[in-house]
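> Sequence plus predicted model, see below.
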Amino acid sequence: MHSYPSWPFLASPAHPFLSALWEVLAHGVIAAFVIAPLVWRSGKRSRFLLLAFVGGVILDVDHALAAESLNPGAMEELGRRPPTHSLAFAATLALIAYALTRRLLVAWGVLAVMVSHLIFDAAGGGVRWMYPLQEPESIPWLLCPAGILLLFGVSLALARSKVSPPARLRPVSAIDAHPVDEHARGELGGRIG
């Protein structure tokens, strides 16, 4: 972790613990935001939002491994994020998620959470997000909110495109349950009488 030169009010080497806390909160909230449209359709919203929050933060475990310390000060001094902060690593995790679940929405969720982390970090520099390439090490800071909104938009489009459940799985409404209405529509077959 290192301070964001474009956003000096967000992180500071003089306050490594506060910087680390800020990054944990920012990554977690952004990750939950980018997949919120998909989570909203789920019956397990709080569980999936918590999973997204943790997923947005978990990528930073590589800082501790690279610094060989849990000390935020040691992690601040890295200067550059490890190679796991890359699109290649994010795509690999998404492919693994798809291979394990065979669900495109799960793979998209993993990809969106990881890419949101990369976008946020790359806006500050020191991220070889196109690893194994050495450059670029950053993106213009305006691409951070634009990229986050784009990820949210894709999640929203995917959530809206989901096919409704099959008729046998849909809840029965009062109209569907009434036998007279079923007979009038010819669903009972046969005649009254």
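Done, it's in.
> the helices in the protein, which residues?
With DSSP state H as the criterion, the chain has helices at 16-34, 36-40, 45-58, 61-67, 72-76, 87-101, 104-122, 143-161, 174-177, 179-184.
> so of these, which one's packed in deepest?
Mean neighbour count (mean count of other Cβ atoms under 10 Å) peaks for helix 104-122 among those, with a mean of 23. All C-beta spots, glycine's among them, are computed from the backbone N, C-alpha and C.
> Give me the helices and strands touching it, please.
helix 16-34, helix 36-40, helix 45-58, helix 87-101, helix 143-161 (3 or more Cβ pairs under 8 Å, 6 or more residues apart in numbering; DSSP states H and E).
> List the contacts of stretch 52-62.
Outside stretch 52-62, the residues that touch it by Cβ atoms under 8 Å, 6 or more residues apart in numbering are 1, 23-24, 27-32, 34-35, 39, 81-82, 84-85, 109-110, 113-114, 116-117.
> Ser138 versus Pro132, what's the distance?
Separation of Pro132 from Ser138 (Cβ to Cβ, to the nearest Å) stands at 17 Å.
> So between the two, which is more surrounded?
Neighbours were counted for Pro132 and for Ser138 using other Cβ atoms under 10 Å; Ser138 has more, 19 against 8.
> Distance of the nearest residue to Gly28 once chain neighbours are set aside relative to Thr84?
Setting aside the residues directly before and after it, Gly28 is nearest to Phe53 in space (Cβ to Cβ, 6 or more residues apart in numbering), at 3.7 Å. Going from Phe53 to Thr84 by Cβ to Cβ gives 19 Å.
> likewise Ile35?
Distance, Ile35 to Thr84, by Cβ to Cβ: 20 Å.
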